[in-house]
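Asker: Sequence and predicted structure below; questions after.
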Amino acid sequence: MGRNALWDRVRVVIDDTVVLASLVLLAWPVTDPGHPGGLAGRIMPLLAALCLGLAVLLLDTRRGQLRLLTMAAALTVVVIREVTGGLPAGGIWLVLLVAAGGVLRQFLGPRIDPDRNRQQTLLAQQAFRDPLTGLGNRRMFVEYAEEVIAEPSRTRTAVIVVDLDGLKDVNEVLGHAAGDDLLRAAADRLAVNVRANDTVARLDGDEFVVLLPGLEDEHAAVAVAERVLTELHRPLQVGGVALSIRASAGVAIAEHGGGGLDGVLRRADQALIRAKRDGGGVARRFDPVLFAQAEQRRIAEQDLLRGLEAGEFEVHYQPIVDLDNGGITVGVEALVRWRHPEKGLMPPAVFLELAEQLGQVPKLGGWVLEEACRQAMDWQHRFPGFEMNVNLSASQLSNPRLVDDVREVLRRTGLPPHDLVLELTESVALTDLVESARVLTALKELGVRIALDDFGTGFSSLSHLSTLPVDVVKIDRSFVQAMPETGGASVAEAVLHIARTFNLSPVAEGVEDAGQAERLKDLGAGRAQGYHFARPMPAVGVTELLDKQTAEVVVHIES
């Protein structure tokens, strides 16, 4: 328990004692059986209970009533003395108790009044004051709010986090001086539109926070947040100019076992994020379902970053075979995998989108490229001309250092550029057709080849094939699966015809059975990959496969 919280408990005990003693003393003239006009002693317990009940009801509003009751008790003593000529022995002790309590309360009052003196004391110290707005700063808010939230109460405490949506634009257009004026004006609006016992502080930048103790329910907190936003949305005077900006607010209620102040602030921040996602300019309550989803994402992000740091990612390779040469493996496609310590081997569909959102794909993709090229050189020592296909993501293609990075990888590993095939999907290539053509042309000048993956599934046209410097088209697995078993036209056949028209090398993906392989061979596909030939595997598996195929060729020649 903090020192301020201990003083608060002392204050509560003193206040309760003085209130109860004052009420009993007030009731004394009509409860003392020896007093003229007094009632019988049999109703004394009832009146005592009434006094106790009133004292309990006055606990949350004791400051004003305490002085009133102390003064009334003293006046009652004077009246009794005048009427009876004396004071009952029990009354003497009550008067002494009231007097002692009043003196002690007067002595301790400036140090233990939480709703007035503690806030004022903190704000009086420069370390707790925001120099720009004059409000309390984060340190002041945390110190005060932690004690308020920890204090047992029959009411609820809420936190509102308010963020100004347009401050960045004001700083950029009108300058930071105008932005500072805007923050001061917003702080003034906040301070005058909350209750007297609420606390307003500036957390950082354009973010403010309001502590609302003594609430009956969450709806009251939302009402305060909406009122605050309504006032903030009215034009603010900044340097003689009326500016209108929007603000968003997140509301959360402090809960027992809810992680204290850190927990309620995190929930309020989550509600604020939801308000911004809903377009901004609104107040939103904390939603436990959305919070759980956000927590899951946060954990997944931390796990992914940890895995990258721990080196848990590895490269697997799926063979690409020559259909016209008996299905001999002539190259592989490099595919990244995550060997999670608890979840096992995870495919890219599980983590690649998250890695892209975290901005980690350029780093991860660069590592895959170097690992794949280094491994390709190991195979080329025994199988000259062995090809390596590596995928490029949208973020990699937009990386201004991509061409230099590829050049450096080829230099460090020694892989012949012609044996490196860089794959990208239609959707990635067509995001910015002009820029894609420029970057791919620069890569082609290094000597590498370019493959258009999932061809036919996007929005490409024949004109795009003439614009982009493409060497290979990969027929999407959906077209391969849709081929008729015997004869008949198919999209796969049309794509193969387009490839031959533009002098491009075709590779069919997703081949799952011998019938599809044979049909593609008849159509002149040339090369293919899929589970029918081999699943993605570690490098050692590809080496074993190549050794096996070499042995079979030797046996076939000798026989």
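Answerer: Right, received. Where do you want to start?
Asker: From now on I want contacts and neighbour counts done on CA atoms only, so please keep to that.
Answerer: Noted.
Asker: Neighbours of Gln302, how many?
Answerer: 12 (other C-alpha atoms under 10 Å).
Asker: distance of it from Ala191?
Answerer: Here Gln302 is placed at a distance of 38 Å from Ala191 (C-alpha to C-alpha, to the nearest Å).
Asker: Check the chain for its longest strand and report it.
Answerer: Assignment by DSSP state E gives strand 328-340 as the longest strand of the chain.
Asker: Mind giving me the packing neighbours of it?
Answerer: Counting contacts by 3 or more C-alpha pairs under 8 Å, 6 or more residues apart in numbering; DSSP states H and E, strand 328-340 packs against strand 313-322, strand 344-346, helix 348-357, helix 361-380, strand 387-391.
Asker: tell me the most buried of these?
Answerer: strand 387-391 (a mean of 24; mean count of other C-alpha atoms under 10 Å).
Asker: What pairs with that strand, parallel or antiparallel?
Answerer: strand 328-340 (parallel), strand 420-425 (parallel) (DSSP bridges).
Asker: so can I have TSV of the ones you listed showing mean neighbour count?
Answerer: Putting the strands paired with strand 387-391 into TSV (neighbours: other C-alpha atoms under 10 Å) gives the following:
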stretch	mean neighbour count
strand 328-340	21
strand 420-425	22
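Asker: any chance of those strands in JSON lines, with mean pLDDT and distance to Gly385 too?
Answerer: Below are those laid out as JSON lines (pLDDT from 0 to 100; distance: least, C-alpha to C-alpha, whole Å):
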{"stretch": "strand 328-340", "mean pLDDT": "95", "distance to Gly385": "8"}
{"stretch": "strand 420-425", "mean pLDDT": "94", "distance to Gly385": "10"}
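Asker: Now tabulate those strands in TSV and tack on distance to Tyr531.
Answerer: Output for the strands paired with strand 387-391, formatted as TSV (distance: least, C-alpha to C-alpha, whole Å):
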stretch	distance to Tyr531
strand 328-340	13
strand 420-425	20
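Asker: Could you say which one of these comes nearest to Thr230?
Answerer: strand 420-425 (47.9 Å; C-alpha to C-alpha).
Asker: And the contacts of the closest one?
Answerer: Taking contacts as C-alpha atoms under 8 Å, 6 or more residues apart in numbering, the residues outside strand 420-425 that touch it are 373, 387-393, 448-455.
Asker: mind running it again at 6 Å?
Answerer: Met388, Asn389, Val390, Asn391, Leu392, Val448, Arg449, Ile450, Ala451, Leu452, Asp453, Asp454 (C-alpha atoms under 6 Å, 6 or more residues apart in numbering).
Asker: Which two of the residues you listed have the greatest separation?
Answerer: Applying C-alpha to C-alpha across these, the maximum distance is between Val448 and Asp454, 19.6 Å.
Asker: Okay, and the beta partners of the nearest residue to Ala376 once chain neighbours are set aside?
Answerer: Residue nearest to Ala376 in three dimensions, not counting chain neighbours: Met388, with 6.3 Å by C-alpha to C-alpha, 6 or more residues apart in numbering. Residues in a beta bridge with Met388, per DSSP bridges, are Val332, Leu420.
Asker: ok, Met388 to Gly136 distance?
Answerer: 61 Å.
Asker: same question, Ala225
Answerer: 19 Å.
Asker: And Asp206, by the same measure?
Answerer: Counting by C-alpha to C-alpha, the gap from Asp206 to Gly136 is 14 Å.
Asker: and what of Phe351?
Answerer: 43 Å.
Asker: Arg138 contacts Leu203, correct?
Answerer: Yes - if you go by C-alpha atoms under 6 Å, Arg138 and Leu203 touch, sitting 4.8 Å apart.
Asker: Among the two, which residue is more densely surrounded?
Answerer: Between Arg138 and Leu203, Leu203 has the larger neighbour count (other C-alpha under 10 Å), namely 22 against 18.
Asker: for the helix or strand harbouring the more buried one, the distance to its chain's centre please.
Answerer: Remark: Leu203 resides in strand 199-204, with elements defined by DSSP states H and E. Put simply, strand 199-204 sits 21 Å off its chain's centre (C-alpha atoms, centre = their mean, to the nearest Å).
Asker: Please apply the same query to stretch 336-353.
Answerer: 22 Å.
Asker: CA atoms only for that stretch, dumped as PDB, please.
Answerer: Extracted C-alpha coordinates of stretch 336-353, given in PDB (Å, rounded to 0.1, in the frame of the first residue of the first chain):
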ATOM      1  CA  VAL A 336      10.300 -20.900 -47.100                       C
ATOM      2  CA  ARG A 337       9.000 -22.900 -44.100                       C
ATOM      3  CA  TRP A 338       8.900 -22.100 -40.400                       C
ATOM      4  CA  ARG A 339       9.900 -24.900 -38.000                       C
ATOM      5  CA  HIS A 340       8.000 -23.700 -34.900                       C
ATOM      6  CA  PRO A 341       9.300 -25.200 -31.700                       C
ATOM      7  CA  GLU A 342       5.700 -26.000 -30.600                       C
ATOM      8  CA  LYS A 343       3.500 -26.000 -33.700                       C
ATOM      9  CA  GLY A 344       6.000 -27.900 -36.000                       C
ATOM     10  CA  LEU A 345       6.600 -27.200 -39.600                       C
ATOM     11  CA  MET A 346       4.400 -24.300 -40.800                       C
ATOM     12  CA  PRO A 347       3.800 -23.400 -44.500                       C
ATOM     13  CA  PRO A 348       4.000 -19.800 -45.800                       C
ATOM     14  CA  ALA A 349       0.200 -19.400 -46.000                       C
ATOM     15  CA  VAL A 350       0.200 -19.300 -42.200                       C
ATOM     16  CA  PHE A 351       2.800 -16.600 -41.600                       C
ATOM     17  CA  LEU A 352       3.800 -14.900 -44.800                       C
ATOM     18  CA  GLU A 353       0.900 -12.300 -44.800                       C
END
